[in-house]
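> No letters, just coordinates:
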Ligand SMILES: NC(=O)C1=CN([C@@H]2O[C@H](COP(=O)(O)OP(=O)(O)OC[C@H]3O[C@@H](n4cnc5c(N)ncnc54)[C@H](O)[C@@H]3O)[C@@H](O)[C@H]2O)[C@@H](O)CC1
Ligand SMILES: [K+]
């Protein structure tokens with residue numbers, strides 16, 4: 001699903017109105033009716049007090065339509081206008097009249113702190129104060145109103161996006177932003193819903209299709225793409241019956257050191273369970289028996305050194321080399337990595353200490369084969385590119401970095417982001433149970449396993465991140481968030497593939 005910017009959404013809005021020959025008021029009615037339907041489906045006529053807070057722009061107009069439809073369906077509704085200016089939008093005004101005609105009373109006007117209504121725990125608040133038209137931080141009593149709603153412990157549903165949240169910048173410390181429990185967003189999600197700095201404002205999120213012009217939506221270059229099941233499915237290549245293990249490639253996983261051989265077992269298991277035809281590990285001698293015992297399916301080559309990597313001999317014709325997990329950063333390992341980079345011309349997958357070595361030896365970045373996939377978590381990224389001011393600054397710095405080195409970067413997080421040239425892919429699978437040791441080793445193994453099967457590195461990264469998260473969701477369903485360990489994610493990879501192609505998505509209740 002495409003993630004669009006506020007200005008692209010406004011353009012889509014205008015084109016839709018023109019091409020479908022409807023008024024902006026009709027589009028508002030259509031959008032807000034979708035919100036009403038969602039609320040009605042969930043509340044089923046429940047006898048609770050619904051307090052609708054409307055701004056005076058089109059987000060407020062949506063709020064008025066939702067309130068009117070709720071009143072028509074006999075809900076107990078109180079409407080408040082957060083009257084921060086007299087500059088009311090046209091569609092706000094016509095809906096303002098309609099609600100007056102229906103309820104024979106004007107909504108309550110709020111003009112300052114003295115007017116704040118009582119909001120109690122158990123109230124249902126609809127936040128339709130500001131939408132994508134926000135152009136500066138909230139000030140004065142309006143900011144206080146937002147904090148007042150946040151402090152009330154009421155259940156808050158935001159329309160389009162939480163009021164006070166920008167679509168293209170991060171709020172400053174102390175800025176007032178609604179903390180929504182649920183956000184119903186029009187047509188496309190907004191990038192800020194997925195950024196670590198802002199995702200907590202959004203709560204659970206659902207996108208409502210409001211029928212904006214299809215042609216515009218299919219042609220517009222998005223700010224980013226959200227990868228869900230449908231998108232992942234389109235990237236998947238089913239296996240050909242007429243094939244053999246050689247058809248699915250050969251992965252070499254290089255890394256490990258004394259006490260950290262488990263990371264290699266995890267990555268290699270993940271590669272094989274993702275479908276790699278053959279897997280070889282290259283490890284220090286201390287890991288020989290461990291790997292052979294834990295994973296008899298893999299072949300094992302060892303360094304001359306017992307505890308760490310010092311000389312990586314890969315005269316094997318591998319389809320992909322994955323380097324870094326558990327490798328440590330000893331000088332001799334750095335030297336060995338340097339040699340490995342010189343010998344390798346196919347895209348690599350680099351993780352963990354591979355990334356740390358790169359950040360301490362910047363000159364090695366130029367030896368990375370083009371289209372290599374780097375898989376840092378935020379701390380590893382910071383070591384690579386330096387500090388950032390906020391998430392948008394981080395995105396800019398990552399994009400500079402990947403363009404300079406012609407690589408693909410997978411930034412791990414609650415929503416893992418894949419960066420390639422100008423493109424950003426946001427993953428929508430996975431859950432908090434996956435924040436466990438070794439989960440990243442599994443991801444590197446999955447991506448390498450896909451590259452070995454001839455997926456382009458970018459596709460391998462995007463699909464790999466999706467499947468890894470899905471396997472985590474399936475694991476959570478079986479074991480609970482706390483009970484997941486990384487080996488489960490590797491073990492359940494096959495189920496993630498099956499889910500991708502099955503009729504119905506596995507409902508893990510996660511992520
Ligand atoms: N596809 C679309 O774009 C659609 C948009 N609709 C609704 O329209 C909303 C956008 O409406 P608007 O453009 O009227 O904007 P908003 O309703 O988000 O904001 C209202 C106005 O407040 C002013 N303002 C901005 N920041 C302020 C601040 N900090 N303090 C005080 N005033 C401030 C601006 O002049 C802005 O136009 C969307 O979020 C959505 O809810 C829907 O009705 C229909 C479809
Ligand atoms: K809102």
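Okay, I see it. What you see is a predicted model; the values in this text were computed from it and never measured. Ligands and ions are numbered 1, 2, ... in the order given.
> how about the helix or strand containing residue 465: buried residues?
If you go by DSSP states H and E, residue 465 is part of helix 457-479. Across helix 457-479, burial judged by 16 or more other C-beta atoms under 10 Å covers 457-477. The way it works is simple: take the backbone N, C-alpha and C, and place the C-beta from them, glycine included.
> Ok, stretch 87-99 next?
For stretch 87-99, by 16+ other C-beta under 10 Å, it's 88, 89, 91, 92, 95, 96, 98, 99.
> The residue nearest to the spatial centre of the chain sits in which helix or strand?
Ranked by distance to the mean C-alpha position of the chain (C-alpha atoms, centre = their mean), the top residue is residue 415 at 3.0 Å. In the assignment (DSSP H and E), residue 415 maps to no helix and no strand.
> surely it meets residue 194?
Yes. Counting by C-beta atoms under 8 Å, residue 415 does reach residue 194; the two are 4.2 Å apart.
> Need the overlap of contacts for those two.
residue 426 (C-beta atoms under 8 Å, 6 or more residues apart in numbering).
> Next to ligand 2, which bits of the stretch 101-250 of the chain? Give me the list.
127, 158, 159, 163 (C-beta under 5 Å from the ion).
> How is this protein divided into domains?
2-222, 232-236+246-501 (automatic domain parsing).
> Just put those in TSV and tack on mean pLDDT.
Shown next, in TSV, are the domains of the chain (pLDDT from 0 to 100):
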stretch	mean pLDDT
domain 2-222	96
domain 232-236+246-501	96
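> Of the ones you listed, which stretch is the most buried?
Comparing the domains of the chain by mean neighbour count (mean count of other C-beta atoms under 10 Å), domain 232-236+246-501 comes out on top with a mean of 21.
> How far does that domain stretch from one end to the other?
Distance across domain 232-236+246-501, first residue to last, is 10 Å (C-alpha to C-alpha, to the nearest Å).
> the helices in the stretch 101-250 of the chain, which residues?
Taking DSSP state H, counting those that start in this stretch as the criterion, the stretch 101-250 of the chain contains helices spanning 140-151, 199-202, 214-219, 229-235.
> do the third one and ligand 1 meet?
Read it as helix 214-219. No. Figure legend: helix 214-219 not in contact with ligand 1 (C-beta under 6 Å from any ligand atom); closest approach 10.8 Å.
> hmm, who's touching that helix?
Contacts of helix 214-219 (C-beta under 8 Å, 6+ apart): 2, 11, 12, 15, 16, 19, 187.
> Quick check: nearest residue in space to residue 444, chain neighbours excluded?
Leaving out its chain neighbours, the residue that sits closest to residue 444 by C-beta to C-beta, 6 or more residues apart in numbering is residue 351, at 4.1 Å.
> what residues does the protein put near ligand 2?
127, 158, 159, 163.
> Make a markdown table from those and add distance to ligand 1 to it.
Shown next, in a markdown table, are these (distance: C-beta to the nearest ligand atom, whole Å):
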| residue | distance to ligand 1 |
| --- | --- |
| 127 | 11 |
| 158 | 10 |
| 159 | 6 |
| 163 | 8 |
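> how close does residue 20 get to residue 184?
Distance, residue 20 to residue 184, using C-beta to C-beta, to the nearest Å: 22 Å.
> same question, residue 39
From residue 39 to residue 184 the distance is 8 Å (C-beta to C-beta).
> Strands of the stretch 1-150 of the chain, start to end?
2-3, 49-54, 76-82, 108-110, 124-128 (DSSP state E, counting those that start in this stretch).
> Tell me what residue 278 is bridged to.
Taking DSSP bridges as the rule, residue 278 bridges to residue 250.
> wouldn't it be in contact with residue 250 here?
Yes. Residue 278 is in contact with residue 250 according to C-beta under 8 Å; the separation is 4.3 Å.
> Can you identify each of the strands in the stretch 201-350 of the chain by residue range?
According to DSSP E, counting those that start in this stretch, the strands that the stretch 201-350 of the chain contains are 204-208, 224-227, 250-254, 278-283, 299-302, 320-323, 349-350.
> The last one pairs with which strands, parallel or anti?
Within its sheet, strand 349-350 is paired with strand 320-323 (parallel), strand 373-374 (parallel), according to DSSP bridges.
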